[in-house]
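Here is my input, please return the structure:
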Amino acid sequence: MTPVLSFSDLFSATIAGARQIAVPTLGFAAAFVAAIALMVWGAEMFPQSTAGSIGFLLVVMAAVTSHSLFSAAMYRRLVPVEGTLLNATWKLTLAWILIAVVAAILFTTIVLFFSLIGSSLGVVSGEAGQDITDMTAQMREGGTFYPLFALFLLTLLGVFWFVVRMMLFAAATASRGTVHVFRTWSWTKGYALSMAIGAMTFIVLPASFLGYASSSVMGLSQSAAISAGIVALVQLPAAWLGHAYAAAVYTRLAPNDPATS
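Reported below is the predicted structural model:
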């Protein structure tokens, strides 16, 4: 039987899931917030030397690991799991590194693509350091602004569609104890629109609203590290909602795990 994603069902499951994980994962959340603040502090304080680079790399890895630990702790309360929390954390870290590599390749491809398109359409700067408003006026006069803008919007929609289709990789990795990135691609086939509506409701809008809210309190501190910690702290409700939503979709779309059958 083909699974059906009902928004009302997902809404109830997401809210219930977020309430279920919020309090029990507060300790992991605090560690994540502290690691983010430490990473930003390291970026400011470590010297420009080999030792400083190694020190900064260590605090970056601490931030990545704390994120994976926080994520694994949430998923372990939302979906059936295999293995230990440490194993899920390690596998999630590997999965996120792979996703980062894919994102870097995708970003580089998009930048190169628009650079080539812009050059072919004659979108070139007449002067070094030319203002963006001058570039926009130049594109309008040359008739290239609207085609490029439409192409840019289509690219954004394509990236969003790709992200939505990949959304279950973390839940699957934490649940099944093995790295699942592209394995989840086939699970979401035919559900992109339904999942996109939920992603906008439970991830994009909360994160945007909380990001705007955090910007109003960042000025309370002159320290970039404390400001980064405040941003991470304010975004915690979005993390709980996003993980609860991904878990709700995962439990409805994921096929049975052959390893446990």
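
okay, CA-based contacts and neighbour counts for the rest of this
Fine.

any weak-confidence spans in the stretch 1-150 of the chain?
Applying pLDDT under 70 to the stretch 1-150 of the chain flags residues 1, 118-144.

Would you confirm that P80 contacts T173?
No - if you go by CA atoms under 8 Å, P80 and T173 don't touch, sitting 11.3 Å apart.

So for the two, which sits in the more crowded spot?
The neighbour comparison of P80 against T173 (other CA atoms under 10 Å) goes to T173, with 28 against 14.

what's the neighbour count on the residue lying closest to L236 once chain neighbours are set aside?
In this structure, L236 finds its nearest non-sequential neighbour in A29, 7.4 Å apart by CA to CA, 6 or more residues apart in numbering. By other CA under 10 Å, 25 other residues sit near A29.

If we go by neighbour counts, what in stretch 209-225 is buried?
Neighbour counts over stretch 209-225 (16 or more other CA atoms under 10 Å) mark 210-211, 214, 218, 224-225 as buried.

and A213, what does it touch?
V234 (CA atoms under 8 Å, 6 or more residues apart in numbering).

whoops, M167 was the one
A246.

what do you get if the cut-off is 10 Å, keeping everything else the same?
Contact analysis of M167 by CA atoms under 10 Å, 6 or more residues apart in numbering lists 161, 181, 184-185, 188, 195-196, 199, 242-243, 245-247, 249-250.

among those, which one has the lowest pLDDT?
Lowest pLDDT within these is found at V181 (86).

quick one: pLDDT of the closest residue to that one other than its chain neighbours?
Excluding its sequence neighbours, the residue lying closest to V181 (CA to CA, 6+ apart) is F169, at 4.8 Å. pLDDT recorded at F169 is 95.

and if you look at the one 5 residues further on?
For A174, the model assigns a pLDDT of 93.

what mean pLDDT does stretch 232-240 have?
Rounded to a whole number, the mean pLDDT of stretch 232-240 is 94.

quick one: terminal-to-terminal distance for it?
12 Å (CA to CA, to the nearest Å).

Could I get the buried residue list for that stretch?
By neighbour count with 16+ other CA under 10 Å, stretch 232-240 contains the buried residues 232-240.

can you check stretch 187-198 too?
Buried-residue list, stretch 187-198, by 16+ other CA under 10 Å: 187-188, 191-192, 195-196, 198.

Can you give the contact residues for that stretch?
3-7, 10-11, 14, 160-168, 199, 201-204, 242, 245-246, 249-250, 252-255.

again, 7 Å this time
Residues outside stretch 187-198 that contact it (CA atoms under 7 Å, 6 or more residues apart in numbering) are 5, 161, 164-165, 253-254.

Same question for stretch 39-52.
56, 59-60, 63, 224-225, 228.

Which element, helix or strand, includes the residue most central in space within the chain?
By CA atoms, centre = their mean, the chain has its centre lying nearest to V163, at 8.6 Å. V163 belongs to helix 145-165 when assigned by DSSP states H and E.

what sits up against the helix or strand following that helix?
Later in the chain than helix 145-165, the nearest helix or strand by DSSP H and E is helix 169-176. Residues outside helix 169-176 that contact it (CA under 7 Å, 6+ apart) are 72, 75-76, 79-82, 88, 91-92, 179-181, 184, 246-247, 250.

8 Å instead?
Contacts of helix 169-176 (CA under 8 Å, 6+ apart): 72, 75-76, 79-83, 88-89, 91-92, 95, 179-184, 243, 246-247, 250, 257.

What's the ChimeraX line that selects buried ones from these?
Remark: buried members of the contacts of helix 169-176, expressed as a ChimeraX selection using 16+ other CA under 10 Å:
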select :72,75,76,79,81,82,88,89,91,92,95,179,180,181,184,243,246,247,250
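
Need the max-distance pair from the contacts of stretch 187-198.
The span of the contacts of stretch 187-198, defined through CA to CA, is set by W161 and A254 at 18.8 Å.

all helices of the stretch 151-261 of the chain, in order?
169-176, 192-199, 205-215, 224-234, 236-253 (DSSP state H, counting those that start in this stretch).
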